[in-house]
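Visitor: please work out how this folds:
(2 chains)
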Amino acid sequence: MPSVKIPRKSTDTDMTPFVDVAFLILAFFIMATKFKPPAPVEITTPKSVSTEILPENDAILVELDNTGRVFFSMLADNNPEAKYKVISNLNQTRNLGLTEAEMQNFKKTVGVGVPFNQLKSLLSTPADKHKDVKQPGIPITDSLTNELYYWVRDAHNAMAGRTIHYMIKADNNAKYPHFKRVLEAFKRNDILKFKLVTTPEEPPTGSPLYKTRLKK
Amino acid sequence: MASIDTGGGDSGGHKKGRGVKKAKKLSTRVDMTPMVDLGFLLITFFIFTATMSSPAAMKLNMPKDTDKPEEQNKAKESGALTIMLGKGDQVYYYEGQLAPDGSNFKSTNFKGIRDVILDKKRRTPEDDLVIVIKPNDDATYKNTVDILDEMTIAEIKRFALVDITPQENEVVIATQTANGIR
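Guide: Residues are numbered from 1 along each chain as shown, chains lettered A, B, ... in the order given. A predicted model of the protein is given here:
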């Protein structure tokens, strides 16, 4: 019986287009990824229909976690001297006894969440080790010990002449009284306009806002 | 693969002389597998780390605390809606002034409050409408943002976040106990 010879086809497929697409996707993700800035605490923000983009500079950020700890950060990458002014001013007015190196270290610090009497020990550790330090939060309990007030006041003065944004980033499960005391620290500085950090969501269908946005 | 056989054996082709070894033609094909592996590894890494939804800012303007009555904003009783936030994501509200016997004090939740606000908005002239938000000590930050968000959703122009009065707090706590909310 004459056997029919089936030509053996190569099992190799040309992977070039596949690889091309893969690297295209890779390039896209490398471009699109913006790394989260290091945060002192993990905070899940509530959702809102707001769409405004958060400022990245000239801003004071107060973070409040679910246990009521308060962290203070200054977003002033374009103006690092402002951070130095704040800490040197606090050093003088509160007699913190910080060394020059410790004050320089504050410039690299992301968020501070310690009372003034523990600030020296926090700043004596390098800035990249701060996340390992257990920070109890800035005391805000009553108006006498509301240290956030001084932080806000000095930061406000150090960035004078610029439009400063006051941002509050609080956790879903943070209690309202804590939030109220944070607001009070700002209000005592005559700061009444805030930006609350939220995760965006769509407005519910049929609501007035939904209709307005549809018209645009 | 199709390739032109250029490297003839020692027996065939032209001779280059004895003892001269022919250089073997190496294939120009490179094994791309490790590169592709690495490529996909990076893709998965960037997909996981990508923060697609960047946070948004919600504006909050607070009224200035003042003791002088002439500086305080006046609200018409007919246009006022007071919303109180309590424990367990519960919302309480009343229109105008709180009746001494608490008869106009009603409770609802975050789903129901939207209709209440929209209903009030429909019934009231725009200039008279003021919504007062009073979270009590048991309310969470999420509740506060949610109710502020309802203001944006319903496009309420005038609203204020103020402290709850002791009388109102008492009614809220009494209602909570009666409804069995812990």
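
Visitor: count of neighbours near residue A:174?
Guide: 26 (other Cβ atoms under 10 Å in any protein chain shown). Heads up, the C-betas are built off the backbone N, CA and C, glycines and all.

Visitor: so it sits right up against residue B:144, yeah?
Guide: No: between residue A:174 and residue B:144 there is no contact under Cβ atoms under 8 Å: 9.2 Å.

Visitor: so what's the residue in chain B that chain A sits nearest to closest to, chain neighbours aside?
Guide: Closest to chain A within chain B is residue B:46: 3.4 Å, counting by Cβ to the nearest Cβ. In this structure, residue B:46 finds its nearest non-sequential neighbour in residue A:29, 3.4 Å apart by Cβ to Cβ, 6 or more residues apart in numbering or on different chains.

Visitor: if we can go back for a sec, buried ones in the helix or strand where the residue of chain B closest to chain A lies?
Guide: In the assignment (DSSP states H and E), residue B:46 maps to helix B:33-49. By neighbour count on 16 or more other Cβ atoms under 10 Å in any protein chain shown, the buried set for helix B:33-49 is B:39, B:42, B:43, B:46.

Visitor: residue A:29 versus the first one, what's the distance?
Guide: Residue B:39 sits 11 Å away from residue A:29 when distances are taken as Cβ to Cβ, to the nearest Å.

Visitor: low-confidence ranges, chain B, go.
Guide: Along chain B, the parts satisfying pLDDT under 70 run over B:1-20, B:51-53, B:66-75, B:182.

Visitor: hmm, 50 instead?
Guide: B:1-13, B:15-16 (pLDDT under 50).

Visitor: could you pull out the helices for chain A?
Guide: Assigned by DSSP state H, the helices in chain A fall at A:16-32, A:80-94, A:100-108, A:119-123, A:147-158, A:176-187, A:208-215.

Visitor: go through the ones you listed and name the closest to residue B:124.
Guide: helix A:208-215 (14.1 Å; Cβ to Cβ).

Visitor: mind listing residues that contact the closest one?
Guide: A:49, A:203, A:204, B:118, B:152, B:153, B:154, B:155 (Cβ atoms under 8 Å, 6 or more residues apart in numbering or on different chains).

Visitor: and that helix, what's buried?
Guide: A:208, A:209.

Visitor: any idea of the mean pLDDT for that helix?
Guide: Averaged across helix A:208-215, the pLDDT comes to 85.

Visitor: any idea how far that helix is from the chain center?
Guide: On the basis of Cα atoms, centre = their mean, to the nearest Å, helix A:208-215 sits 30 Å off its chain's mean C-alpha point.

Visitor: next one: stretch A:122-136 to chain centre, how far?
Guide: Distance, centroid of stretch A:122-136 to centroid of chain: 17 Å (Cα atoms, centre = their mean).

Visitor: quick one: is the helix or strand containing residue B:150 near chain A?
Guide: Per DSSP H and E: residue B:150 is located in helix B:141-153. Yes: interface with chain A: helix B:141-153 contributes B:141, B:142, B:143, B:144, B:145, B:146, B:148, B:149, B:152, B:153 (Cβ under 8 Å from any Cβ of the partner chain).

Visitor: pick out the residue of chain A closest to chain B.
Guide: Closest point on chain A to chain B, by Cβ to the nearest Cβ, is residue A:29, at 3.4 Å.

Visitor: my guess is that residue contacts residue B:43. True?
Guide: Yes: Residue A:29 is in contact with residue B:43 according to Cβ under 8 Å; the separation is 6.3 Å.

Visitor: show me the contacts for residue 181.
Guide: In the absence of a named chain, chain A is used. Neighbours of residue A:181 in contact, by Cβ under 8 Å, 6+ apart: A:140, A:141, A:146, A:148.

Visitor: sorry, I should have been clearer: chain B.
Guide: B:86, B:87, B:88, B:90.

Visitor: inside strands: which ones of those residues?
Guide: Among the contacts of residue B:181, the members found in strands (DSSP state E) are residue B:90.

Visitor: reformat the contacts of residue B:181 as TSV; add neighbour count.
Guide: Output for the contacts of residue B:181, formatted as TSV (neighbours: other Cβ atoms under 10 Å in any protein chain shown):
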residue	neighbour count
B:86	24
B:87	17
B:88	14
B:90	20
